[in-house]
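Student: Pasted the sequence and its predicted model underneath.
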Amino acid sequence: MNIALSFINTLLISFVEMLYLVGVFIIIGFLLGYLEKYSNTYLVRALGRKGVILTAWIGTPIHEIGHLIQCILWGHKVTKVKLLQLNSPDGVLGYVEHQYNPASVYQQVGNFFIGLGPIFSGIASLIVGMYLLVPQSYATFKAQIHQHISVETVDINVLKMIGEAVMMISKSIFTLHNLVTPSFWLFIVLAISISSHVALSKADIQNSARGLVMIFALLVVFNIVAGFLHVNSYKMIVQLAEYNAYVLAFSSIAVIFSLVTLGFSFLLYKLKAT
C-alpha cells in the first residue's frame, strides 16, 4: 500500500514539475491560438479567404521555418517542406513532414518543441523586425528586460513587473514619431502577418502532445531515482524552471501584436458591416 501511495505521489510531483518546466509554453501557445482564431474569423468575415492569404505570404513561411529549425535541432529527418502553398484543396498553407527514431528518447522529446516551433520563430521574427524597423522601441524592450526581469520563480510580483514592462514597450511602439515613419508601418504589416499565423495547428498540438508524454515519463523516472538517492528533485526542477520569467517577457511581444491583429481584424469587420 505504501508503495502504491509513493508511486502516486511521484506521479503527482512529476506532473507539477512538468508544469514548471513547460507549462508557460503551453499557456502561451493556447493564448496565441485563441487570439489568432478570432483574428482570422473577423478577417475572413471582412475580406473573405483572401484576407488570410494576404498575411500568409509572410506569416506561413515563418511558421513552417519554426518547425523546420526545431526538426534539425532535435535530430529529426525532414522528408518534405512546403513553406507556402496557396491553392491546396484542403486549405493547408504550408507543412513540414519529418520522421524520427521511436527508440530515441531525445527525438521523442523533440516532438514537443517541434510542435511549438512557430511560436519560437514568430517571437524571434517580431524581435528582429523591431530591431531593424523600430529601433527605438527595440531599445525600450531591451532595457525593460534588463531592468525588470530577473531569473526567479514566477510569482505575482514577477507577473506585475512583466505587465509594467509590456505597458512601457507598447507605449514605445505606438508613438507619434512612429506613426509618421514608413518603417513603422512596414513593421506593423510584418507583425500582423506573423501574428496571424503564429498559433499551432491541430497537427502541431498532437505532435507536441507526444513529446509531452515522453517529458512526463522522464520526470517520473528521474523522481524515482532521486528518491532512492535521497535527492530533492522537486527543488532542482523548480530552480531549473527559473527561466520562465524570461519566456513570459519575450512571449509578451507576440501577445501584444496578436492583440493588435485582433483589433485590426475586428475594425475591418465592423467597417464592412456598416
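Tutor: Looks like it arrived, so ask away. Numbering: from 1, shown residues only.

Student: Spell out the residue ranges of the strands in the stretch 1-150 of the chain.
Tutor: 77-82, 95-99 (DSSP state E, counting those that start in this stretch).

Student: Now the ones you listed in a markdown table, please, with extra columns for mean neighbour count and mean pLDDT.
Tutor: Glycine gets a C-beta too; all of them are placed from N, C-alpha and C. As requested, those are arranged in a markdown table below (neighbours: other CB atoms under 10 Å; pLDDT from 0 to 100):
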| stretch | mean neighbour count | mean pLDDT |
| --- | --- | --- |
| strand 77-82 | 12 | 94 |
| strand 95-99 | 17 | 92 |
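
Student: want to throw those into TSV with distance to Lys272?
Tutor: Converted to TSV, the strands of the stretch 1-150 of the chain look like this (distance: least, CB to CB, whole Å):
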stretch	distance to Lys272
strand 77-82	32
strand 95-99	31
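
Student: Do I have it right that Gln85 meets Gly94?
Tutor: Yes - taking CB atoms under 8 Å as the contact criterion, Gln85 and Gly94 are neighbours in contact, 6.2 Å apart.

Student: The two - which one has more neighbours?
Tutor: The residue with more neighbours, out of Gln85 and Gly94 and counting by other CB atoms under 10 Å, is Gly94; that gives 22 against 13.

Student: what separates the more buried one from Leu5, distance-wise?
Tutor: When distance is defined by CB to CB, to the nearest Å, Gly94 is 49 Å away from Leu5.

Student: Helices of this structure, residue ranges please.
Tutor: Listed in chain order, the helices of the chain (DSSP state H) span 2-47, 49-73, 105-115, 117-133, 135-148, 156-173, 176-179, 182-195, 202-228, 233-240, 244-273.

Student: now for the strands of the stretch 1-150 of the chain, which one comes closest to Ser39?
Tutor: strand 95-99 (21.4 Å; CB to CB).

Student: and for the closest one, what are the contacting residues?
Tutor: Counting by CB atoms under 8 Å, 6 or more residues apart in numbering, the neighbours of strand 95-99 from elsewhere in the structure are 64, 67-68, 71, 76-82, 114.

Student: can you put the residues you listed in CSV and add distance to Leu176?
Tutor: Shown next, in CSV, are those (distance: CB to CB, whole Å):
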residue, distance to Leu176
Glu64, 37
His67, 39
Leu68, 40
Cys71, 44
His76, 47
Lys77, 51
Val78, 46
Thr79, 50
Lys80, 48
Val81, 43
Lys82, 42
Ile114, 42
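
Student: Just give me the closest of those residues to Gly263.
Tutor: Proximity of the contacts of strand 95-99 to Gly263 (CB to CB) peaks at Glu64, which lies at 26.3 Å.

Student: Local confidence estimate at the nearest residue to the closest one once chain neighbours are set aside?
Tutor: Residue nearest to Glu64 in three dimensions, not counting chain neighbours: Gly94, with 4.4 Å by CB to CB, 6 or more residues apart in numbering. If you check Gly94, the pLDDT there is 90.

Student: isn't Gly94 right next to Leu68, touching?
Tutor: No - with the criterion set as CB under 8 Å, Gly94 and Leu68 do not qualify as a contacting pair; they are 10.2 Å apart.

Student: Look up how far Val225 lies from the residue sitting nearest the centre point of the chain.
Tutor: The geometric centre of the chain, computed from its C-alpha atoms, lies nearest to Ile119 (CA atoms, centre = their mean), at 3.1 Å. Noted for Ile119: a distance of 32 Å to Val225, by CB to CB.

Student: now swap in Ala217 and tell me
Tutor: On the measure of CB to CB, Ala217 and Val225 end up 13 Å apart.

Student: neighbour-wise, which of those two wins?
Tutor: Of the pair Ala217 and Val225, Ala217 is the one with more neighbours under other CB under 10 Å, namely 14 against 11.
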